[in-house]
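*Asks:* Predicted model and sequence below, questions to follow.
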Amino acid sequence: MILSNLEAVPGKTIVEHFGLVQGNTIRAKHIGRDFMAGLKNVFGGELKGYTELLSESRKEAVSRMREQAESLGANAIVNIRFSTSSIAQGAAELYAYGTAVKVE
Amino acid sequence: MVEFIIILVLVVLGYIFGRLAEKRHYNSILEREKNTLQTQMVTLKTIPNTIDVKNSFLVTANVVISIDYFKRILAGLKNIFGGRITSYESLLDRARREAVLRIKELAIRHHASAIYNVRLETASISRSARKSVGSVEVLAYGTAIVTDEIHRKAAS
């Protein structure tokens, strides 16, 4: 599966479109990480726990999108976009979407 | 009185450690930026015909950075008078440059020579019930391309 956020796959031609594919995941932070984050909020600096949490969640969203594309018979997803929105206190939705295509 | 002392201690701790952390981070950013200069970052959506693309893949990287207590208090004060909040400017600058560096390093590890359609997205991660912005997440993503020339160099 080729993933790209360009409008086409470089060096290949699109032969079939399958439309929009998407994947999302909603994650809440857990207490241990929140405690460390509380400390870091005094000293400043990177919150590694959150960075990992969000990147794992985003991977999950991408893999859901990929599964959907596979079930349609696509071999690439183009024009991928990511978006993040906080829906509830301490929870965030990570969303990935793109167009499933078949390339040659 | 006790509360006041606690806040004062937090401000002093935040000032000392925050400054140290920021200085260290900027030093590391500047050094890594120098080391990754060969990778082109492009916001174009199309790749020029003259470039022979062998392979392409999506690269994403994120970073969450928190502001220190001293700067948050400072920003709170600035909210009264208005004007530039330089403490938040440096926070976002650090986060963006770090995220961009991470996708660059990811691309270099996979022998890519350029990243096209680079996009940056910012989300604030607010803490608890208070509305203050404690930390920001920056996500950088783009399509890394492997060209013939680089590929051969990596193989040899």
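*Replies:* The structure has been received and is ready for your questions.
*Asks:* for chain A, longest helix please?
*Replies:* The helix that spans the most residues within chain A, counting by DSSP state H, is helix A:48-72.
*Asks:* Can you mark which positions in the helix or strand just after it are buried?
*Replies:* Reading on from helix A:48-72 to the C-terminus, the next helix or strand found by DSSP states H and E is strand A:76-88. For strand A:76-88, burial by neighbour count (16 or more other C-beta atoms under 10 Å in any protein chain shown) applies to A:76-80, A:82, A:84. (C-beta placed from N, C-alpha, C; glycine too.)
*Asks:* nearest to chain B, of these?
*Replies:* residue A:84 (4.3 Å; C-beta to the nearest C-beta).
*Asks:* Grab the nearest non-local neighbour of that closest one.
*Replies:* Of all residues not flanking residue A:84 in the chain, residue B:123 sits nearest, at 4.3 Å (C-beta to C-beta, 6 or more residues apart in numbering or on different chains).
*Asks:* Distance check, the one you found against residue A:58.
*Replies:* 11 Å (C-beta to C-beta, to the nearest Å).
*Asks:* Please apply the same query to residue B:50.
*Replies:* Counting by C-beta to C-beta, the gap from residue B:50 to residue A:58 is 34 Å.
*Asks:* if you count what's nearby, which of those two comes out ahead?
*Replies:* Between residue B:50 and residue A:58, residue A:58 has the larger neighbour count (other C-beta atoms under 10 Å in any protein chain shown), namely 22 against 5.
*Asks:* Quick check: chain neighbours aside, which residue is closest to the more buried one?
*Replies:* residue A:94 (5.0 Å).
*Asks:* quick check, the one you found in a strand?
*Replies:* Yes. Counting by DSSP: H, G, I helix; E, B strand; the rest coil, residue A:94 is found in a strand.
*Asks:* quick one: contacts for residue 57?
*Replies:* Defaulting to chain A. Taking C-beta atoms under 8 Å, 6 or more residues apart in numbering or on different chains as the criterion, residue A:57 is in contact with A:25, A:27, A:92, A:94.
*Asks:* that answer is for a different chain, and I need it for chain B
*Replies:* Contacts of residue B:57 (C-beta under 8 Å, 6+ apart): A:2-4, B:110, B:112, B:143-144.
*Asks:* near chain B, which residues of chain A?
*Replies:* A:2-11, A:37-38, A:40-47, A:50-51, A:54-55, A:58, A:80-86, A:89, A:92 (C-beta under 8 Å from any C-beta of the partner chain).
*Asks:* what about 6 Å?
*Replies:* When proximity is defined by C-beta under 6 Å from any C-beta of the partner chain, chain A lies next to chain B at A:3-7, A:10-11, A:40-47, A:50-51, A:54-55, A:82, A:84.
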